[in-house]
Every structure is written in structure tokens, then in C-alpha cells.
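Undergrad: just a sequence and a predicted model for now, questions to come.
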Amino acid sequence: MKLLSWMPLKIVQINGVTMIRVRYTRSVNNKPEAMVNMYIVQNSDKMHRITISYRMSDSNLWKKDLDKVIYTFKFKDKRE
């Protein structure tokens, strides 16, 4: 894997939950460049990592929909 670009870490609020967002572009085995969005969230005693990626050459097909995917995740408080 070759890391092509790296965006600064960002703390984001998704559905009322605080997450760390990591964004970068990469290429694997000289294949087309891909955008990677990784979200890290702690939920009670568990840590979750959600990775959403797509080829930059296909961003016109996937970006709009995949940017919404993270909003479909719901995390319950263990106390509930």
C-alpha cells in the first residue's frame, strides 16, 4: 500500500456520538487511487472502527452515497 495523501484527524459528531475521523488517499499494487474515510468510536467498553472507501475514479458514482453511510450507524449506551 502506498499512502498518497493524509488529511488531519478530526473530531466529529455523528448521530450525537463523538468520533475520530481519519481521511487519506492510497493506492495498492499500483491500482487506482482510493479515498479512505475511517471513523473510530468508543461505545461503552468497546472500540469500533468503520472504514468506508471508494476509488477516486468512481467518486461520481459513490461519493455522495458513501458519505451518508456513517449516519446509518447507531450506537446504544450499554446502560440502556
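TA: The structure has been received and is ready for your questions.
Undergrad: rest of the way, CA atoms for contacts and neighbours
TA: Will do.
Undergrad: the residue lying closest to residue 15 once chain neighbours are set aside and residue 21: what is the separation?
TA: Excluding its sequence neighbours, the residue lying closest to residue 15 (C-alpha to C-alpha, 6 or more residues apart in numbering) is residue 71, at 6.5 Å. From residue 71 over to residue 21 the distance is 13 Å, taken as C-alpha to C-alpha, to the nearest Å.
Undergrad: the more surrounded of the two?
TA: Taking other C-alpha atoms under 10 Å, residue 71 and residue 21 do not tie; residue 21 has more neighbours (20 against 10).
Undergrad: just grab the bridge partners of that one for me.
TA: residue 10, residue 39 (DSSP bridges).
Undergrad: tell me the contacts of it?
TA: Residues counted as contacts of residue 21 (C-alpha atoms under 8 Å, 6 or more residues apart in numbering) are 9, 10, 11, 12, 37, 38, 39, 40.
Undergrad: wasn't residue 30 part of a helix?
TA: No. Assessed with DSSP: H, G, I helix; E, B strand; the rest coil, residue 30 is coil; it does not lie in a helix.
Undergrad: quick one, grab the pLDDT at it.
TA: Residue 30 is assigned 86 on the pLDDT scale.
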